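**Student:** sharing a model that was predicted from the sequence below.
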Amino acid sequence: MNKANNATSILKRFASIGLLFLSACSSNVKKDSPTTIDTAIKVTIATPGTDQQQFLNVSGQIESAQTANISTRVMGYITGLKVNVGDRVAKGALLATISNNDIIAKRAQTDAMIEEAETAFKNAQRDYGRFTVLYKEQSASAKELENVTQAYSSAKSRLEQANQMKNEVSATLGYTNLLAPFDGVVTQKLMDAGSMANPGMTILTVERNGSYQVSASVPENSISLVKEGTNVAIAIDAVNKTIRGTVTQINQSSQFSGGQYLIKLSISEKDKAGLFAGMYANLSIPLKLTTTNSQDGEQVMVPLKAIGQKDQLAGIYTIGNNNTALLRWVKLGKVKGDQVQVLSGLAPHEQFIVSADGRLFNGATVKINRLYVVKLK
């Protein structure tokens with residue numbers, strides 16, 4: 001009887017251990033399951049270097065395409081600043097006010113002058129009309145009509161002068177209220193309320209919303225190779241992305257830039273998202289050269305590390321539709337340093353994957369982390 005009880009007790013213990021083991025396995029499966037979810041592999045891509053086209057790498061900066069320095073045309077104390085740095089303002093919004101008591105006093109004087117001139121003009125106008133009738137009736141002499149006519153013209157001129165003085169005072173009074181010239185954001189606040197504002201002295205700086213462009217400096221030995229309309233790769237490390245830009249302006253003088261020529265690049269609206277003025281950018285500007293390789297044609301060079309080998313085949317991953325890795329079999333040529341010539345299978349200027357943060361396979365979803373251009377050696 002005791003043996004039977006012991007056997008039953010042992011079976012119960014093994015059953016409990018089995019349940020605990022199954023529970024632990026089940027727990028491990030649940031914890032590991034998230035790692036089976038496919039995620040995009042971060043990759044670094046490049047464009048082949050060719051003997052027909054070289055690239056100039058320069059540094060640039062994101063800037064607003066339209067910036068306004070807000071100042072006043074009158075001297076006076078700043079009585080109020082309605083905005084702070086970072087505030088978004090609409091066109092016509094009041095930004096700051098300048099003391100205007102003296103201008104208001106001048107406007108009151110001009111109003112009094114206008115009232116006096118209007119009274120004199122009305123009297124002269126009546127006299128002119130009366131003497132014109134009397135002269136026609138031969139009841140007034142020509143000299144009397146001439147004197148009345150001169151008085152009428154003089155009163156009319158004084159009234160016009162008083163009205164123009166009022167317009168001038170009103171315009172000056174308008175300069176004491178500083179308004180936003182367009183929809184934008186306040187990026188600088190150089191003075192505070194109570195400070196003395198002088199004509200032409202910047203008080204605030206406003207940049208237009210989203211009107212970003214890229215500004216860069218090109219050395220004098222390369223500026224002749226840069227052309228307007230050129231499509232440029234722009235890498236912005238701050239937001240970890242690469243966008244495209246187009247050269248829209250090339251400064252023809254380096255007098256005030258120390259031998260560097262300033263160029264401007266426009267960027268598309270969709271690429272402006274997430275950008276802020278002041279971010280640094282690295283530009284790869286394609287330069288059209290006149291030298292060619294007459295025997296071998298255009299050489300396409302890629303880094304050796306981008307080439308994968310399988311049996312006797314050489315392959316390289318390119319970017320397919322929907323940001324997927326696409327394996328391309330290529331025919332290789334001569335090796336030069338850490339670069340190899342691709343004879344076929346990869347078109348000039350076609351982007352390919354140089355390195356990846358994970359294991360690549362055909363059809364794998366990828367995320368572009370960085371883009372650069374291979375330099376010929």
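**Tutor:** Now that the structure is in, tell me what you want to look at.
**Student:** which regions of the stretch 1-150 of the chain lie under the pLDDT threshold?
**Tutor:** Along the stretch 1-150 of the chain, the model assigns pLDDT under 70 to residues 1-38, 49-54.
**Student:** tell me which stretches of it form helices.
**Tutor:** 2-32, 101-136, 142-174 (DSSP state H, counting those that start in this stretch).
**Student:** and Asp192, which of the three is it?
**Tutor:** Assigned by DSSP: H, G, I helix; E, B strand; the rest coil, the conformation of Asp192 is coil.
**Student:** could you check the pLDDT of it?
**Tutor:** pLDDT for Asp192: 92.
**Student:** how many other residues sit next to it?
**Tutor:** 9 (other CB atoms under 10 Å). Glycine gets a C-beta too; all of them are placed from N, C-alpha and C.
**Student:** wait, it sits on Gly80?
**Tutor:** No - assessed by CB atoms under 8 Å, Asp192 is found out of contact with Gly80, at 10.4 Å.
**Student:** got the domain boundaries for this protein?
**Tutor:** For the chain, automatic domain parsing gives the domain ranges 41-65+211-373, 71-93+181-207, 100-175.
**Student:** where does pLDDT dip in the stretch 201-350 of the chain?
**Tutor:** In the stretch 201-350 of the chain, residues with pLDDT under 70: 288-298.
**Student:** so who does the closest residue to Ala140 other than its chain neighbours touch?
**Tutor:** Leaving aside its chain neighbours, Ala140 sits nearest to Leu134 (3.7 Å; criterion: CB to CB, 6 or more residues apart in numbering). Each residue near Leu134 by CB atoms under 8 Å, 6 or more residues apart in numbering is listed here: Ala140, Glu144, Leu145.
**Student:** surely the second one and Phe131 touch.
**Tutor:** In other words, Glu144. Yes - shown here, Glu144 and Phe131 form a contact pair, counting by CB under 8 Å, at 6.1 Å.
**Student:** these two: which has the busier surroundings?
**Tutor:** Neighbour tally, Glu144 and Phe131, criterion other CB under 10 Å: the higher count belongs to Phe131, 21 against 14.
**Student:** and the closest residue to the more buried one other than its chain neighbours, what does it touch?
**Tutor:** Among residues not flanking Phe131 along the chain, Val148 sits closest, at 4.4 Å (CB to CB, 6+ apart). Applying CB under 8 Å, 6+ apart to Val148 gives the contacts Ala124, Asp127, Tyr128, Phe131.
**Student:** I'd say Arg158 and Ala120 touch.
**Tutor:** Yes - contact criterion CB under 8 Å: Arg158 and Ala120 qualify, at 6.8 Å.
**Student:** what sits up against stretch 212-230?
**Tutor:** For stretch 212-230, using CB under 8 Å, 6+ apart, the contacting residues are 56, 58-65, 234, 245-250, 254, 257, 259-267, 272, 275, 277, 281, 283, 285-289.
**Student:** just the ones of the residues you listed in strands?
**Tutor:** 56, 58-64, 234, 245-250, 260-267, 281, 283, 285-288 (DSSP state E).
**Student:** out of the residues you listed, which end up buried?
**Tutor:** 56, 58, 60, 62-64, 234, 245, 247, 250, 260-265, 267, 281, 283, 285-286 (16 or more other CB atoms under 10 Å).
**Student:** verify the stated contact: Val302 with Pro48.
**Tutor:** Yes - if you go by CB under 8 Å, Val302 and Pro48 touch, sitting 5.3 Å apart.
**Student:** need the overlap of contacts for the two.
**Tutor:** By CB under 8 Å, 6+ apart, the residues touching both Val302 and Pro48 are Val342, Leu346, Phe352, Val374.
**Student:** nearest to Ser170, of these?
**Tutor:** Within the shared contacts of Val302 and Pro48, proximity to Ser170 (CB to CB) peaks at Val374, which comes in at 65.0 Å.
**Student:** can you give me every residue that contacts the closest one?
**Tutor:** If you count contacts by CB under 8 Å, 6+ apart, then Val374 has Ala46, Thr47, Pro48, Gly49, Met301, Val302, Pro303, Gln339 around it.
**Student:** quick check: the farthest pair among these?
**Tutor:** Pairwise over the contacts of Val374, using CB to CB, the maximum falls at Thr47 and Gln339, 13.3 Å.
**Student:** return the residues in contact with Tyr317.
**Tutor:** Taking CB under 8 Å, 6+ apart as the definition, contacts of Tyr317 comprise Ala306, Gly308, Ala325, Leu326, Leu327, Arg328, Phe352, Ile353, Ala356, Leu360.
**Student:** mind running it again at 6 Å?
**Tutor:** Residues near Tyr317 by CB atoms under 6 Å, 6 or more residues apart in numbering: Ala325, Leu327, Ile353, Leu360.
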